[in-house]
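Engineer: I would like the atomic coordinates for the input below:
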Amino acid sequence: MSVSGSERTAQSDFQVRCLHRGATTGQLQFGGRSFACALGRSGITSQKREGDGASPAGAYRLLGGFYRADRIAKPVTQLPMRPMLERDGWCDDPRDARYNQLVTLPFATSHETLWRADQLYDVVVVLDQNIYPRIPGGGSAIFFHIAAPGFTPTEGCIAVSHATMHHALSIATRGSRMRIGGRV
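Structural biologist: Prediction:
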């Protein structure tokens, strides 16, 4: 029996659900299994705003991303991934024309540095939240990345263990979506 393109995409979709209202941890479900994940410090919201600390409810394509080639091998995935550079940043200033986009450091306005001393951005997958189109103040730098020890809250991203990330990337396709919302 063959699997159609739409069935293959559905099999490679990811569902994020919180444990309870306002929870900062949840479950990432894919491939018939569930894995622990960290959510934003303000839980999940359907009204995402810059700086609110919430993970945005909705369905977002996994666009591709970056990995720390000095720490890990290139992840096995169908998503476009490139080695992260020390000068990579992400603009989070809603007043800047490059808001919610990759920028080169040094960068004059508010931004996030992607090259970090901790392991949180060893792998970073960009979600298409507030990218097509970009709306100033609609939220920036919503990533799928590595969780901090103890799955402490993120600033709005979805974060998982290294092992879960590599497993997720191994089944992700260019059509994969991350659906954020609902309860376990």
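Engineer: alpha carbons only for contacts and neighbour counts from here, please
Structural biologist: Noted.
Engineer: what are the buried residues along the longest helix belonging to the chain?
Structural biologist: Secondary structure of the chain per DSSP state H: the longest helix is helix 162-171. Within helix 162-171, the residues that count as buried by 16 or more other Cα atoms under 10 Å are 162, 164-169, 171.
Engineer: repeat for stretch 42-60
Structural biologist: For stretch 42-60, by 16+ other Cα under 10 Å, it's 42-45, 48-50, 52-60.
Engineer: likewise stretch 71-78?
Structural biologist: Those would be 75, 77, for stretch 71-78 by 16+ other Cα under 10 Å.
Engineer: pLDDT on it, on average?
Structural biologist: Mean per-residue pLDDT for stretch 71-78: 98.
Engineer: and if you look at stretch 19-27?
Structural biologist: 93.
Engineer: hmm, who's touching it?
Structural biologist: With contact meaning Cα atoms under 8 Å, 6 or more residues apart in numbering, stretch 19-27 is reached by 15-18, 34-44, 151-153, 183-184.
Engineer: now with 6 Å?
Structural biologist: Contacts to stretch 19-27, defined as Cα atoms under 6 Å, 6 or more residues apart in numbering, come from residues 16-18, 34-41, 43, 153, 183-184.
Engineer: so what's the gap between the top strand by length along the chain and the chain middle?
Structural biologist: Assignment by DSSP state E gives strand 58-67 as the longest strand of the chain. Distance of strand 58-67 from the chain centroid (Cα atoms, centre = their mean, to the nearest Å) equals 6 Å.
Engineer: residue 90 against residue 104, yeah?
Structural biologist: No: using Cα atoms under 6 Å, residue 90 is not in contact with residue 104; the gap is 8.1 Å.
Engineer: neighbour count: the two, which is higher?
Structural biologist: Neighbour tally, residue 90 and residue 104, criterion other Cα atoms under 10 Å: the higher count belongs to residue 90, 21 against 14.
Engineer: in a helix, the more buried one, correct?
Structural biologist: No: the assignment for residue 90 (DSSP: H, G, I helix; E, B strand; the rest coil) gives strand, which keeps it out of a helix.
Engineer: returning to what we had before: sheet-wise, list the partners of the longest strand of the chain with their directions.
Structural biologist: strand 81-83 (parallel), strand 123-127 (antiparallel), strand 177-183 (antiparallel) (DSSP bridges).
Engineer: next, count neighbours for residue 34.
Structural biologist: Residue 34 has 16 neighbouring residues, counting by other Cα under 10 Å.
Engineer: how far away is it from residue 176?
Structural biologist: Using Cα to Cα, to the nearest Å, one gets 17 Å for the distance from residue 34 to residue 176.
Engineer: I figured residue 83 hits residue 65, correct?
Structural biologist: No: Residue 83 lies out of contact with residue 65 (Cα under 6 Å); the separation is 8.6 Å.
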